[in-house]
Structure formats: structure tokens, C-alpha cells
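*Asks:* Following is a predicted model, sequence given first.
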Amino acid sequence: MSCRAQRRLGDPPDATLAKLKTLVKEGELHYIVVGDGGQGSNTQITAWGKKHGTAVKSSAYSSTSTSTSSGLYRLDPSDVS
């Protein structure tokens, strides 16, 4: 996440789905990392990111990883309706 996006989103408790969608729609946020829905995670953001984003294979950024799922999702303005 860019520094600008981090400043706008604030701390994780301030992260809302509406803020995320705004950042994506404005082209200010292109990637999110989603967790497994454990403690401290925003399940709305996780579900939306997985549904509308494109999963990035870990092999796209790491030559040592053998995992095909990284929790990293690419989001584009066209993903926001």
C-alpha cells in the first residue's frame, strides 16, 4: 500500500470497505493483502477483495516461494461498481 493510501486509511480499525472502494476507484490503491479472517481482520474487506480482485501468485514476486496463493490481490478501478 502506498504511503498516501496508508495515511488516508489510517490504522486498521479505521479501514472500512467504503474507504477501500474509494481509494481503488480513484486509482490510489492497487493491491491489498487479505488474511484468513482471524482476529483483527475486516471480514467485509477480505470478502470483497477476494471476490472483486485478482489473486496474485506468489511466484510473480518471489523466486523462492512455491505457494500459488499469497493473500495478495490486485484491484483496478473497474473492480468498483
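*Replies:* Received it, and whenever you're ready, just let me know what you need. The structure displayed is predicted, hence computed values, not measured ones. Numbers count the residues shown, from 1 in each chain.
*Asks:* alpha carbons only for contacts and neighbour counts from here, please
*Replies:* OK.
*Asks:* Residue 73 against residue 48, yeah?
*Replies:* No. With contact defined as C-alpha atoms under 8 Å, residue 73 and residue 48 do not form a contacting pair (10.6 Å).
*Asks:* And these two? Which one has more around it.
*Replies:* residue 73 (21 against 16; other C-alpha atoms under 10 Å).
*Asks:* Quick check on the closest residue in space to that one that isn't next to it in sequence: phi, psi?
*Replies:* With sequence-adjacent residues excluded and distances taken as C-alpha to C-alpha, 6 or more residues apart in numbering, residue 73 is closest to residue 55, at 4.5 Å. Backbone torsions of residue 55, given as degrees, to the nearest 10, read phi -60, psi 140.
*Asks:* Now for residue 55, how many residues are close by?
*Replies:* Close neighbours of residue 55, defined as other C-alpha under 10 Å, add up to 20.
*Asks:* same check, this time on residue 56
*Replies:* Residues near residue 56, counting by other C-alpha under 10 Å: 17.
*Asks:* go on, the one 3 residues further on?
*Replies:* For residue 59, the neighbour count with other C-alpha under 10 Å is 14.
*Asks:* One more: residue 62?
*Replies:* A count of nearby residues for residue 62, using other C-alpha under 10 Å, gives 10.
*Asks:* How about residue 29?
*Replies:* As a burial measure, residue 29 scores 21 neighbours (other C-alpha under 10 Å).
*Asks:* No further queries at this time; thank you.
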